[in-house]
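Q: When you get a sec, could you give me coordinates for this:
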Amino acid sequence: MKPRILVVDDEPQIQRFLRPALEACDFEVETADTAALAKRLAATRSPALIMLDLGLPDGDGKDVILAVRAYSSVPIIVLSARDQEIEKIAALDAGANDYIEKPFGIGELLARVRVALRQSEVGASFQGTQHLGKVELDRDRRLVLLRGAPVHLTPKEYDLLVLLADHAGRVVTHGYALQRLWGPAHAHDTQYLRVLVAQLRAKLGDDSEPRLIENEAGVGYRLVGEPR
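A: I've put the predicted structure just below:
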């Protein structure tokens, strides 16, 4: 079965531009031009990836992201003419995997689609032991090993490590991590996250360069250990 991509955009020319390019790469294409239809198709058509414009006639695309993230980790790539950094951060905080400004080249877009799908496949496969540099994360037993020795983590520390491992190599924004770990009411309590990251780093011996957990100043954190 061909992977299905849901293209959400109310501009017919964008849909006409994307459909043949995606079909030529052996994707099945589904389209939606409203937020309501996008939410319905995302829930019922099981897309492998969603391409999403933020400016929709019946709502903001970020609402679609939040609705989908309530039940699915399907990759979401935002395609938007909004080029302000605050818009990008808000979309990533809501749960988008990537953000591409319009106008864009089809070659770059397809490359990012391939990356998002690869990362999705890798994330779905993490059911046993995941190797992240000097750390082993055994999800089946909820066990963390540092150079072969068990490390005791609190439930919150473990959840943070799993969240970073699910996005290994990519930035997890402050807002997204806070919402996932403490809920929407704490989306701006960055001090909570700083303290938790410091605790996790201390237990993993991550106190010298190169770090396992990198800080992206003002944005979030990235776990740099490559899964294998």
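Q: which residue packs closest to Thr154, ignoring adjacent ones?
A: What sits nearest to Thr154 in space, not counting adjacent residues and going by CB to CB, 6 or more residues apart in numbering, is Gln199, at 7.7 Å. Every C-beta, even on glycine, is put in place using the N, C-alpha and C of the backbone.
Q: show me the contacts for the spatially most central residue of the chain.
A: Centroid-nearest residue in the chain: Asn97, 3.7 Å away (criterion: CA atoms, centre = their mean). Each residue near Asn97 by CB atoms under 8 Å, 6 or more residues apart in numbering is listed here: Pro75, Ile76, Ile77, Ala116, Gln119, Arg170.
Q: On the three-state scheme, the residue nearest to Thr154 is what?
A: Using DSSP: H, G, I helix; E, B strand; the rest coil, the structure places Gln199 in helix.
Q: Number of residues surrounding it?
A: For Gln199, the count of nearby residues is 15 (other CB atoms under 10 Å).
Q: surely it meets Glu157?
A: Yes - using CB atoms under 8 Å, Gln199 is in contact with Glu157, at 5.9 Å.
Q: could you measure the residue nearest to Thr154 against Leu212, distance?
A: Using CB to CB, to the nearest Å, we find Gln199 at a distance of 14 Å from Leu212.
Q: Need the overlap of contacts for the two.
A: With CB under 8 Å, 6+ apart, Gln199 and Leu212 have no common neighbours.
Q: mind listing what's buried in the helix or strand hosting Pro20?
A: Per DSSP states H and E, Pro20 falls inside helix 12-24. The neighbour-count check on helix 12-24 (16 or more other CB atoms under 10 Å) flags Ile14, Gln15, Phe17, Leu18, Arg19, Leu22 as buried.
Q: which one of those sits closest to Asp140?
A: Nearest to Asp140 out of the buried residues of helix 12-24 is Leu22 (CB to CB; 36.4 Å).
Q: From what I see, Asp93 and Arg180 are in contact.
A: No - Asp93 lies out of contact with Arg180 (CB under 8 Å); the separation is 10.5 Å.
Q: all strands of this structure, in order?
A: Residue ranges of the strands in the chain, as given by DSSP state E, are 4-8, 28-32, 49-52, 55-56, 59-60, 76-80, 98-101, 129-132, 135-138, 143-146, 149-151, 171-173, 213-216, 220-223.
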